[in-house]
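[1] Need coordinates for the following:
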Amino acid sequence: MDLLLADRAAEPPTPLRVFPLAGPPGAALYLKDESRRPTGSLKHGPARDLFLDALRCGEIGPGTPLFEAASGNMAVAQAHFARLLGLSYTAVVPGKTGPDKRRRIEEQGGRCHPFDPPLAVYQKARFLAEASSGHYFDHLQRVGDAVDWSGPDSLGAGILSDLEKRGEPAPAWIVAGVGSGVTSAAIGRYLRMRGAGTRIAVVDPENSAYFPGWAADFPGYTTGMPSRIEGIGRPCVEPAFDASVVDLVIPVPDVASVAAMRHLRAITGLMAGPSSGSCLWGAFHVLDRMRREGERGAVVMVVGDGGETYRDTYYDDAWIEAKGWQLHGPLSDLERFTATGTWGVTPAG
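    The predicted model follows:
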């Protein structure tokens, strides 16, 4: 635990970048760049908190083998901390998981255990942990209770601190993606603890349960369909999602998410993942809403991860064409808003 806490204390804060906007007047857009975490995503902090929680509960000891059902950024971050502690780590991944995703986990010292069908990876990870007297993190179920949302190193604290250093008040809105739900919950709880007037907007891709579940006030809502925007969207509302601290859920078409991630790179040079494209699209909706309602203040959107992992997918024109996504329309909308502050896009749903 001392090693992990020292690691957290030594980690530099992630940057707050400015997104250049011509309008609307009285509003500014900032990018909280969590892709600068040591393992390249905002999952880095929650993964460390899962380790700390398991250590406090006595679930991890010397030589305990570790298991998780994950193939993305959470698995990469967990493999990193397992290596830091000298423990073995296995990520149970769907059989179709590509070599690049497996390589990222293996580069951090983990190993991948492919298994099908995809929805059975959770049971398989639990079985492997039990069979080896190991520990199964079960992050979708446990991360909400594990994350230290109230501390000075939390994401919410970091955003407010960044703006204070610029001599600015708390932002009017913070826009984040929602996968496990822990990011929006942690930020929202911290803001309410501080008494800040900041509102939380989360963006939700197609096939995901969060927007319909939130709109219907039904936390048990299920779509049974996978998200096509990596890093966010779930077929069911996960336990970590806290609807009570969310002020707005914005459904984002998948094609708009992909167009926005490319627009983000074109304007700022920042190569981010598709979830950040969803957040940029949502941030533009929020800024337009502020303009129409005469509200002033800053909007901060969370950049979830870097884009290098997606060179052969979301940044590849042939891959996009095979998906049938036509980016021209949403790209025109994004370019017009950046240049003039005129949006005119009605939110989906």
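
[2] you'd agree residue 257 is in a strand?
    No. Read with DSSP: H, G, I helix; E, B strand; the rest coil, residue 257 is helix and lies in no strand.

[3] and it, how far is that from residue 151?
    Distance of residue 257 to residue 151, computed by C-beta to C-beta, to the nearest Å: 31 Å. The way it works is simple: take the backbone N, C-alpha and C, and place the C-beta from them, glycine included.

[4] These two: who's more crowded?
    Between residue 257 and residue 151, counted using other C-beta atoms under 10 Å, residue 257 has the larger neighbour count: 33 against 12.

[5] Near residue 233, how many other residues are there?
    Residues near residue 233, counting by other C-beta under 10 Å: 28.

[6] That one: what's it in contact with?
    Residue 233 makes contact with 178-179, 204-208, 210, 226-227, according to C-beta atoms under 8 Å, 6 or more residues apart in numbering.

[7] So among the residues you listed, where is pLDDT lowest?
    In terms of pLDDT, the weakest of the contacts of residue 233 is residue 226, which scores 92.

[8] mind checking the SS state of that residue?
    coil.

[9] go on, residue 192?
    From three-state DSSP, the assignment for residue 192 is helix.

[10] Please name the nearest non-neighbouring residue to it.
    residue 245 (6.2 Å; C-beta to C-beta, 6 or more residues apart in numbering).

[11] likewise residue 190?
    residue 156 (3.1 Å).

[12] That neighbour: how many residues sit nearby?
    Residue 156 has 25 neighbours, counted by other C-beta under 10 Å.

[13] quick one, helices of the stretch 201-349 of the chain?
    In the stretch 201-349 of the chain, the helices defined using DSSP state H, counting those that start in this stretch lie at 210-215, 254-268, 274-293, 317-323, 328-340.

[14] coming back round to it: strands - which of the contacts of residue 233 land there?
    Those of the contacts of residue 233 mapping onto strands are residue 204, per DSSP state E.

[15] now, which of the contacts of residue 233 sits nearest residue 321?
    residue 206 (18.4 Å; C-beta to C-beta).

[16] contacting residues for the spatially closest residue to the closest one that is not a sequence neighbour?
    In space, residue 206 comes closest to residue 254 once its chain neighbours are excluded; the distance is 5.0 Å by C-beta to C-beta, 6+ apart. Counting by C-beta under 8 Å, 6+ apart, residue 254 makes contact with 205-206, 228-229, 325.

[17] Let's see that with 6 Å instead.
    Applying C-beta atoms under 6 Å, 6 or more residues apart in numbering, we find residue 254 in contact with 205-206, 228-229.

[18] Distance of it relative to residue 34?
    In terms of C-beta to C-beta, residue 254 sits 22 Å off from residue 34.

[19] one step back: rebuild the contacts of residue 254 as JSON lines, extending it with distance to residue 344 and neighbour count.
    As requested, the contacts of residue 254 are exported to JSON lines (distance: C-beta to C-beta, whole Å; neighbours: other C-beta atoms under 10 Å):
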{"residue": "205", "distance to residue 344": "22", "neighbour count": "27"}
{"residue": "206", "distance to residue 344": "21", "neighbour count": "20"}
{"residue": "228", "distance to residue 344": "25", "neighbour count": "18"}
{"residue": "229", "distance to residue 344": "23", "neighbour count": "27"}
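
[20] and the two most separated of these?
    Across the contacts of residue 254 (C-beta to C-beta), the longest gap, 7.8 Å, separates 206 and 229.

[21] where does residue 119 land on pLDDT?
    Here the pLDDT value assigned to residue 119 is 88.

[22] what's the answer for residue 23, then?
    For residue 23, pLDDT reads 66.

[23] all strands for this protein, in order.
    Counting by DSSP E, the strands of the chain are 16-19, 27-33, 66-69, 89-94, 111-115, 135-136, 173-177, 199-204, 248-251, 297-303.

[24] Of all those, which one comes closest to residue 76?
    Across those, residue 76 has its closest neighbour in strand 89-94 (8.6 Å, C-beta to C-beta).

[25] Can you list the buried residues in that closest one?
    Across strand 89-94, burial judged by 16 or more other C-beta atoms under 10 Å covers 89-94.

[26] That strand pairs with which strands, parallel or anti?
    Paired with strand 89-94 in the same sheet, following DSSP bridges, are strand 66-69 (parallel), strand 111-115 (parallel).

[27] Please work out which of these is packed deepest.
    Across the strands paired with strand 89-94, the average number of neighbours (mean count of other C-beta atoms under 10 Å) peaks for strand 66-69, which reaches a mean of 27.

[28] Which residues outside that strand are in contact with it?
    For strand 66-69, using C-beta under 6 Å, 6+ apart, the contacting residues are 75, 78, 82, 87, 89-92, 121-122, 125, 128-129, 134-137.

[29] now do stretch 158-178
    Contacts for stretch 158-178 (C-beta under 6 Å, 6+ apart): 13, 16, 32, 183-184, 187, 196, 198-203, 210, 232, 275, 278-279, 282-283, 286, 297-302, 304.

[30] What's the end-to-end length of that stretch?
    19 Å (C-alpha to C-alpha, to the nearest Å).
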